[in-house]
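Asker: The sequence and its predicted three-dimensional model are supplied below.
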Amino acid sequence: MQAEGMIKWAIIGLGDVVAVKSGPPFWKCEGSTLIGVMRRTPGGARRWIEENDSKLPAEVAGFDSIRSMMEDIGGDIDGVYIASPPGSHLDNVLEVVSCIDAGLTNNLKGIYIEKPCGRCAFETRSMAEELLQRNVTFFPAYVSRAHERTQVLRKLLLEDKVLGDKVLSVQYTQIGSSFARGLQGVGDAIPWRLNAEYSGGGLILDMGCHILDRIDYLFGPISVKHREVHRKGGSSNSVYPSVEDYVWMTGTIGECNWSSVDSYGATLECMWDFSPGNHDEKDELIITGESGSVRMAGMGAGLPIEVYDAENKLIRTLEFENPEHSAQPLIQAVVNEMRNVDTTSDGSLVRSPAKSANAARTADVLDAILGDYYGGRFDEFWERESSWPGLRLA
């Protein structure tokens with residue numbers, strides 16, 4: 001099958017994630033270009049275009065609303081990237097859907113939604129259902145699935161059998177938040193990533209979701225068994241977020257048909273500590289199998305993978321280059337899929353490894369971990385902060 005033509009994108013939301021990580025790939029990937037951007041602040045999109053004019057394709061139009069964008073260029077848009085904070089993802093999808101129903105855009109093939117895709121599983125599944133009904137593919141921005149490091153690890157597990165025939169346990173520890181962006185509030189304002197109304201919870205929503213999703217991708221679906229969720233900080237700060245900053249959980253890996261190696265029944269233990277005062281930061285993923293283990297940082301696309309034998313002796317280290325734009329490998333795969341590309345000369349994936357089903361499973365796991373802290377996550381819990389059981393225990 002011959003590949004289809006250029007995929008034309010529009011971006012909704014122009015925050016920091018667009019600057020380097022995810023924005024440029026939409027006009028740098030092969031077969032992809034950017035034709036429109038939208039920011040609700042009056043004149044904000046046009047100012048962004050002026051500030052980035054030397055980097056952008058020749059003609060990118062700026063808009064203050066989704067409706068006005070679709071009325072003007074909706075007939076030319078093939079894909080939409082929703083880059084706003086998670087708290088507005090569902091509303092933005094529903095606005096796009098209303099434009100589809102109104103006939104303002106009839107070529108839309110896919111929507112690429114920044115992670116976490118919703119504040120909770122209900123929002124994520126609602127978006128998936130709305131898009132499925134209109135035959136528009138939901139691509140979640142779980143970028144680590146397409147990183148070279150993740151793909152090499154799949155090969156190590158599946159073909160090289162570095163852990164033997166079965167994974168026994170997966171452990172992850174993160175202490176500190178140096179990988180997070182945008183944690184500096186303005187005045188007494190809480191950064192949006194630490195405000196449940198905008199983010200859905202603490203940094204586990206922004207960072208931990210990547211780890212949980214990668215475990216799902218490599219090994220299988222996660223079943224949560226035990227969890228502890230706390231708000232450790234705040235005693236010495238006049239302004240401190242109400243969301244959790246410490247999460248510990250255990251669980252098991254379920255059965256599936258996509259795992260890199262037999263992992264059914266493997267134990268899982270994860271801990272995230274984002275509380276203040278942690279000077280010795282840590283980021284380590286340990287995968288143990290019948291004949292050895294693999295150790296690597298959980299965050300970051302360019303950090304090495306270390307392979308150990310059954311006697312815990314280091315036998316192999318694999319190094320990787322950090323991509324200029326962390327999201328580009330996944331976005332290229334999304335573009336390839338939307339164009340029906342069969343083969344690639346650059347080694348990029350021809351189909352996106354991230355779809356709505358894995359976004360929903362990761363959202364389910366996050367809800368299972370955090371549900372007790374928030375007194376449930378099946379309603380608009382961000383509007384009833386005073387009722388959160390986790391705050392009463394802090």
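Answerer: Thanks, I have it.
Asker: Pretty sure Arg316 sits against Glu306.
Answerer: Yes. Using CB atoms under 8 Å, Arg316 makes contact with Glu306 at a distance of 7.3 Å. Glycine gets a C-beta too; all of them are placed from N, C-alpha and C.
Asker: mind listing the helices in the stretch 101-250 of the chain by residue range?
Answerer: Ranges of helices within the stretch 101-250 of the chain are 121-133, 148-158, 196-199, 203, 209-218, based on DSSP state H, counting those that start in this stretch.
Asker: how about CSV for those helices, with mean neighbour count and distance to Lys28 added?
Answerer: Rendered in CSV, the data for these read as follows (neighbours: other CB atoms under 10 Å; distance: least, CB to CB, whole Å):
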stretch, mean neighbour count, distance to Lys28
helix 121-133, 19, 25
helix 148-158, 18, 17
helix 196-199, 21, 28
helix 203, 24, 29
helix 209-218, 23, 22
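Asker: where does the stretch 51-200 of the chain dip in pLDDT?
Answerer: 178-179, 181-182, 184-188 (pLDDT under 70).
Asker: all strands of the stretch 151-300 of the chain, in order?
Answerer: 167-175, 222-230, 246-253, 267-273, 282-289, 292-296 (DSSP state E, counting those that start in this stretch).
Asker: For the fourth one, enumerate the helices and strands it packs against.
Answerer: So that's strand 267-273. strand 167-175, helix 209-218, strand 246-253 (3 or more CB pairs under 8 Å, 6 or more residues apart in numbering; DSSP states H and E).
Asker: Neighbouring strands of that strand in the sheet, and parallel or not?
Answerer: strand 167-175 (parallel), strand 246-253 (antiparallel) (DSSP bridges).
Asker: Please tell me how far the residue of the chain positioned farthest from its centre sits from Ile286.
Answerer: Using CA atoms, centre = their mean, the residue of the chain lying farthest from its centre is Glu311. It sits 35.2 Å away. Glu311 is 16 Å from Ile286, where distance means CB to CB, to the nearest Å.
Asker: related to what we said a few turns ago, any chance of the strands of the stretch 151-300 of the chain in CSV, with distance to Trp9 and mean neighbour count too?
Answerer: Formatted as CSV, the strands of the stretch 151-300 of the chain follow (distance: least, CB to CB, whole Å; neighbours: other CB atoms under 10 Å):
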stretch, distance to Trp9, mean neighbour count
strand 167-175, 32, 20
strand 222-230, 32, 17
strand 246-253, 34, 20
strand 267-273, 33, 20
strand 282-289, 32, 19
strand 292-296, 32, 20
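Asker: Arg134: which of those is closest?
Answerer: Arg134 sits nearest to strand 222-230 of all the strands of the stretch 151-300 of the chain, at 29.7 Å, using CB to CB.
Asker: Which other helices and strands does the closest one contact?
Answerer: helix 209-218, strand 246-253, helix 356-374.
Asker: I'm done for today, thanks for sticking with me.
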